[in-house]
Every structure is written in C-alpha cells, then in structure tokens.
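Undergrad: what would the 3D arrangement of this be:
(2 chains)
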Amino acid sequence: MFDAVLALRRGQWFEAPRERRAFLLVWGSVAALVVWYFYFGPRAHYDYNWRWSVVWQYRRFLLWGMGTTLYIFAWSLVVSLVLGVFCGIGRTTNVRWVRALSVGYVETFRNIPLLVQMWWAYFGLQQVVNTTLNDPFGLRLLIPSTFACILALSLYTGAYMGEVVRSGIRSIPRGQWEAATSTGLSRVQTWRHVVLPQALVIVIPPLTSEILNIIKNSAVAMTIAITDLMFYSQKIEEETFAGFEAYTAGTLLFLLLTLVTVGVIYLLQRLFGLKVRSAT
Amino acid sequence: MESFWNWRVIPENLGFFAGAFRLTLTIFLLAWVGCWAFAIVFGAMRHSSRPWLSYPAAAIVEVIRGTPGLMFVVWVYFLSQPLIGYALSPFWAAVWALVIHQGAYGAEVVRAGLSSVPRGQMAAGYSTGLGYIAVMAWIVLPQALRNMAPAIVNRSVALFKNTSLAFVIGVIEFFRAGTIVNGRENASFSVFTFLAAVYFVCCFSLSRLGHRLGQRPGVIEDTTAV
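TA: Prediction:
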C-alpha cells in the first residue's frame, strides 16, 4: 500500500499537459457524476436523510470497538505467527509425519471459510463441552467467545502464514545448509542461526499482508457476539438507522487500522535495519 | 442426556441444504463473472504507464483491499439506500459486494499477469497497427492468462469461501441454512462440521486444480487469507 504513496512523491504525475487535462476530465467527471447522482440525480427525490453527525455522536462506540479489534488482533498475531513459523518449518523438514501433519493443517484450514471455523469453534465446541463435561458432571464450563474467535482467527491465518514461511525457507539456497553443516552446526543450530533469520526477513512483505488480513478478517468475529468495530458499527445502525453513515465510519476506521499497521511494520523494519530483497 | 453426535439432522434437512447450496453456487457464479470483469478493467488501468490512470485505480483498489469483506457486504447493502433510493435485495447486494471486493483482489492478479508479459509484445502489437483493445485482447491477455491461471483459481477459492459472508445480510445461502437448521435442531457440532466438510470438499478440489496449473516456473500464485 505504501508503494503508491512513495511513487507519488518521487514520480512525475504527468508527462504532458494533455495528460493533466485527461486526468482532470476523466476523474473530475467521475467525481462530479457521483456527487450529482447523490444530490440531484433521478433518485435524489427519495431524499435520503444524511446524518453524518451520528458518527461523532457515537464516537465512543467506535473507540470501544477499535479497542476490542486491536485486542483480538494482538493475540491472533502472536499465536498465528508462532503457528505459521512452526508450520513453515514442518512443511520443509524431511520428517515425513511432520510434513504430513503440516500439509493437513494448511489444507484443512485454508479451504474452510473463516465464518464456519469460527462458528464451529464457538457453538460446535460448546456443545461438545456441554454434552461430555457439563451435563454429565454438573459443570458449567463456558467457552468464551473471545477465546473461540482468537482460536479460529489464529488457526486460519496461521495456515496462510505457514505457506508464506515455507516459500521463504525454500528460497534459501542449498549452499547455506551445506555451509552450516560443514562448519559443524547441528540441525537445530542451522535452523536457528542460519535459515530462519534469513527466511523470516525475506517473507516480511507477504507476511505483512497476512498480518493485515488478521485485522480485516477479525470483522467476522462480530457474528459470534464479539464487540468489535464491526459490532459497534452495527450497534450505531440499530440505534440511529443511519446505516450507511455508521458502516462508512467503521470501514474507514478499519482502513485506518490497516494503514497504521503497515506504517508500524515499515518503521520497525527500518528501525532494525532489515533489508528486504524480494519485491513486494 | 443429549449427545453432540447428532447426524440425523443432516439427511432430515437435506432438501433445505441443497436449495441453499444452489443459491451459494448462484452467488458464486454471478460474482465470479463480475469480479473478473472488474479485475480486468482495474488491472489494466493499474498496469497502464499513464499515471493519471494508474494512480487513481491503485487508490481505489487499495482502499477496497483495505476493508474487511464482511464490512463491505454490509456497506454495499446500506449504500443502496442513498444510491438508488430503496434497499437492494440482499442477494444482489451480496453479489455486488463480492464483485467489487474480490474484483479488487483480482485486479492485483491481473496486473501481475499483465506485467509478466514483456513490454515488447505490446510494442510489437501496436507496430502492426492494432489498437489498445485489440493488443490487450489478442496478444497480451492470452499470454498473461497462462501465468495467471493458478492465481485465478486461488481467487476463485477465496470467492467461494467469501460467499458465506452473504449470511450477514440475510441471504439464505449455505451457511445461513446451517445456522437456521442449528437454531431449530440444536445440533451445532454436527451441522457446522457438515458445513465445514462441504465447503472443504468444494474448495479443496478447486485449489488442487490451481496447484496442478501452478507447477511451471514464473507463474503467479495469489494466496492471501481473504
């Protein structure tokens, strides 16, 4: 996402005045058409009552929602990164059963919608717990929806991250392995000091997009009653009936979260002086 | 004591599930066609060397890619109110939302595919006197398609999974059918395992196809978790 901004700063926008005119003509008329349509178009007599003030009025809802979204994001980020790294290692080892396990994990969790996984983790597991533990033994174990949500989100993203890490590990030349072995490093030492430090730096760009996907996918948590940004957008809609305004605010805040995350990752990368070789 | 092992609800509601699955397939097919139309237009715009075309297209695509799919479905549903004066039917709102949302991801695939074709091909096309559309349609896109094939399949898998998001605005597609049956029968383990199994079979067979197409060097594989 940063590419466009950087290109904007460095590049020449227009090579000729003709292009400037074309730009203004095309995009100006698109913008004018949109504005005209909403305010004066053939449907304008339906007189949609714009109430953008509800966004400010219910700003606390949006802030609370952002807090929950960030909380879920932080936990899922940690868990899915760990899962992803182990799964990436598992997919590239020579141990057959570990590889089979990792492939099974990746293929299972990548090919089921997150929504289904989340409902399975929340309602499905709760029913299993109820019928095997709670009812027979008189217990009252409840699976917190936050736990179910973080579990599903981490497992889902971890599968994708595993693939990313695997491709990073695969891109390390064989010579590195051979050199490490010939200097007397054990297999674990080779992983720790030679392969993983290189592979994890290479995969930063695709990993960033997976990290952003955690934020975006966390909106699904609303369906199992997590009070995240999406949930509170819906809440505002329920209270004011200004659905379009509420959801636009929520969408923009999600966009803001992803942009800030990209910025933070970019800064961290520069802070630690990590050079990324592969193109985004 | 009731057990969670309650598979009889599946055959008992099979007709309902089948109808809902047909709706899921309908949404998928309609959105698939629209999504690639959107993707080709915006991908070609981003591929263009004219900044006044490529930057705004990039901005639109990146903004759409930065928003959650679920949010986008609901947003499009509510957008219809100020846009056309009445609420769009949930079905069409879902289709449009998936078209635009997945189309933005598809645009990246198309752009990568177009970039994988050497520029000389376009120049050669122009020098034989063909116009932009003809060059794209007859020279660049056919070559790009070969490289894009696995990514297209992976996007299709993502689109199929994302049809389940239509549930949130009340379309009775496959996932919502599951929640309805679960609400009536209280068999969440069986029902959601069944849903997961069906989605898995569909998506896994599709992604195997993509895997088979993707065994050449230089292909584009787009596997993002959306």
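Undergrad: pull out the buried positions in stretch A:238-256.
TA: With burial defined by 16 or more other CB atoms under 10 Å in any protein chain shown, the residues of stretch A:238-256 counted as buried are A:240, A:242-251, A:253-255. C-beta here means a position set from N, CA and C on the backbone, and glycine is covered the same way.
Undergrad: is any residue of that stretch near chain B?
TA: Yes - remark: stretch A:238-256 sits within contact range of chain B at A:243, A:244, A:247, A:248, A:250, A:251, A:254, A:255, by CB under 8 Å from any CB of the partner chain.
Undergrad: might you report the residue contacts of the second one?
TA: Put plainly, it is residue A:244. Contact criterion CB atoms under 8 Å, 6 or more residues apart in numbering or on different chains gives A:48, B:75, B:78, B:79, B:81, B:82 as the residues in contact with residue A:244.
Undergrad: correct me if wrong: residue B:221 contacts residue B:152.
TA: No - applying CB atoms under 8 Å, one finds residue B:221 not in contact with residue B:152, separated by 10.3 Å.
Undergrad: what is the neighbour count of residue A:27?
TA: When neighbours are defined as other CB atoms under 10 Å in any protein chain shown, residue A:27 has 14 of them.
Undergrad: likewise for residue A:141?
TA: 10.
Undergrad: in three-state terms, label it for me.
TA: Reducing the assignment at residue A:141 to three states with DSSP: H, G, I helix; E, B strand; the rest coil gives coil.
Undergrad: one more: residue A:172?
TA: Classification of residue A:172 by three-state DSSP places it in coil.
Undergrad: doesn't residue A:200 make contact with it?
TA: No - with contacts counted by CB under 8 Å, residue A:172 stays clear of residue A:200, the gap being 10.6 Å.
Undergrad: so for residue 134, what's the nearest residue that isn't a sequence neighbour?
TA: Just going to use chain A. On the basis of CB to CB, 6 or more residues apart in numbering or on different chains, the spatially nearest residue to residue A:134 that is not a chain neighbour turns out to be residue A:141, at 5.7 Å.
Undergrad: hmm, no, I was thinking of chain B.
TA: Residue B:134's closest residue in space is residue B:125 (CB to CB, 6+ apart), at 7.3 Å.
Undergrad: quick one: contacts for the one you found?
TA: Listed by CB under 8 Å, 6+ apart, the contact partners of residue B:125 are B:134, B:135, B:138, B:139, B:140.
Undergrad: cool, residue B:70 as well?
TA: Shown in contact with residue B:70 (CB under 8 Å, 6+ apart): A:219, A:220, A:222, A:223, A:230, B:165, B:168.
Undergrad: about what we covered before: who touches both of residue B:221 and residue B:152?
TA: Shared contacts of residue B:221 and residue B:152, defined by CB under 8 Å, 6+ apart, comprise residue B:210.
Undergrad: can you tell me the number of residues neighbouring the closest residue to residue A:61 other than its chain neighbours?
TA: Here the nearest residue to residue A:61 in space, its sequence neighbours aside, is residue A:232; by CB to CB, 6+ apart that works out to 4.1 Å. The burial count assigned to residue A:232 is 26, neighbours taken as other CB under 10 Å.
Undergrad: now residue A:232: how far from residue A:253?
TA: Between residue A:232 and residue A:253 the computed distance is 10 Å (CB to CB, to the nearest Å).
Undergrad: list the residues that contact both of those two?
TA: With contacts defined as CB under 8 Å, 6+ apart, the residues adjacent to both residue A:232 and residue A:253 are A:62, A:65.
Undergrad: is it true that the residue nearest to residue A:61 touches residue A:67?
TA: No - counting by CB under 8 Å, residue A:232 does not reach residue A:67; the two are 9.9 Å apart.
Undergrad: pull out the buried residues from the longest helix seen in chain B.
TA: Longest among the helix segments of chain B by residue count, using DSSP state H, is helix B:14-47. Neighbour counts using 16+ other CB under 10 Å place B:17, B:20, B:23-24, B:27-28, B:30-32, B:34-36, B:38-40, B:42-47 of helix B:14-47 among the buried residues.
Undergrad: could you check how far the most centrally placed residue in chain B is from chain A?
TA: For chain B, the residue lying nearest the average C-alpha position, counting by CA atoms, centre = their mean, turns out to be residue B:159 (2.8 Å). Residue B:159 sits 11 Å away from chain A, going by CB to the nearest CB, to the nearest Å.
Undergrad: what's the angle from the helix or strand where that residue lies to helix B:14-47?
TA: Secondary structure from DSSP states H and E places residue B:159 in helix B:141-162. With axes from the mean of the first three to the mean of the last three CA atoms, to 10 degrees as the basis, helix B:141-162 and helix B:14-47 are set at 140 degrees to each other.
Undergrad: would you map the helices across chain B?
TA: Using DSSP H, the helices of chain B run over residues B:9-12, B:14-47, B:51-65, B:69-84, B:90-115, B:119-127, B:132-135, B:141-162, B:174-185, B:188-213.
Undergrad: now for the ones you listed, which one comes closest to residue A:160?
TA: Each of these has some distance to residue A:160 by CB to CB; the shortest is helix B:141-162, at 10.7 Å.
Undergrad: and the closest one, what does it pack against?
TA: For helix B:141-162, the packing partners by 3 or more CB pairs under 8 Å, 6 or more residues apart in numbering or on different chains; DSSP states H and E come out as helix B:14-47, helix B:90-115, helix B:188-213.
Undergrad: quick check, the first one touching chain A?
TA: No - Helix B:14-47 stays out of contact with chain A when judged by CB under 8 Å from any CB, the minimum separation being 9.5 Å.
Undergrad: what residues are up against residue A:190?
TA: For residue A:190, the contacting residues are A:177, A:180, A:181, taking CB under 8 Å, 6+ apart as the criterion.
Undergrad: hmm, back to that, need the helices and strands packed on helix B:141-162 in CSV with mean pLDDT, can you?
TA: CSV is the format used below for the helices and strands packed on helix B:141-162 (pLDDT from 0 to 100):
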stretch, mean pLDDT
helix B:14-47, 96
helix B:90-115, 94
helix B:188-213, 92
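Undergrad: what about residue B:132, neighbour count?
TA: Burial of residue B:132 is recorded as 13 neighbouring residues (other CB under 10 Å).
Undergrad: please tell me how far it sits from chain A.
TA: Taking CB to the nearest CB as the measure, residue B:132 and chain A are separated by 14 Å.
Undergrad: just the element for the residue nearest to the spatial centre of chain A, please.
TA: Relative to the mean C-alpha position of chain A, the nearest C-alpha, by CA atoms, centre = their mean, is the one of residue A:213, at 1.7 Å. Using DSSP H and E, residue A:213 sits in helix A:204-217.
Undergrad: quick one: mean pLDDT over the helix or strand just after that helix.
TA: Past helix A:204-217, heading to the C-terminal end, the next element that is a helix or strand (DSSP H and E) is helix A:229-240. If you average the pLDDT over helix A:229-240, you get 93.
Undergrad: okay, helix A:229-240 in PDB with CA atoms only?
TA: Taking C-alpha atoms only, helix A:229-240 is exported to PDB below (Å, rounded to 0.1, in the frame of the first residue of the first chain):
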ATOM      1  CA  LEU A 229     -15.600  -2.400  15.400                       C
ATOM      2  CA  MET A 230     -17.900  -4.200  13.100                       C
ATOM      3  CA  PHE A 231     -20.300  -5.000  16.000                       C
ATOM      4  CA  TYR A 232     -20.400  -1.400  17.200                       C
ATOM      5  CA  SER A 233     -21.000  -0.100  13.600                       C
ATOM      6  CA  GLN A 234     -24.000  -2.300  13.600                       C
ATOM      7  CA  LYS A 235     -25.000  -1.100  17.000                       C
ATOM      8  CA  ILE A 236     -24.900   2.500  15.800                       C
ATOM      9  CA  GLU A 237     -27.100   1.400  12.800                       C
ATOM     10  CA  GLU A 238     -29.500  -0.200  15.200                       C
ATOM     11  CA  GLU A 239     -29.800   2.900  17.400                       C
ATOM     12  CA  THR A 240     -30.000   5.500  14.700                       C
END
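Undergrad: much appreciated, bye for now.
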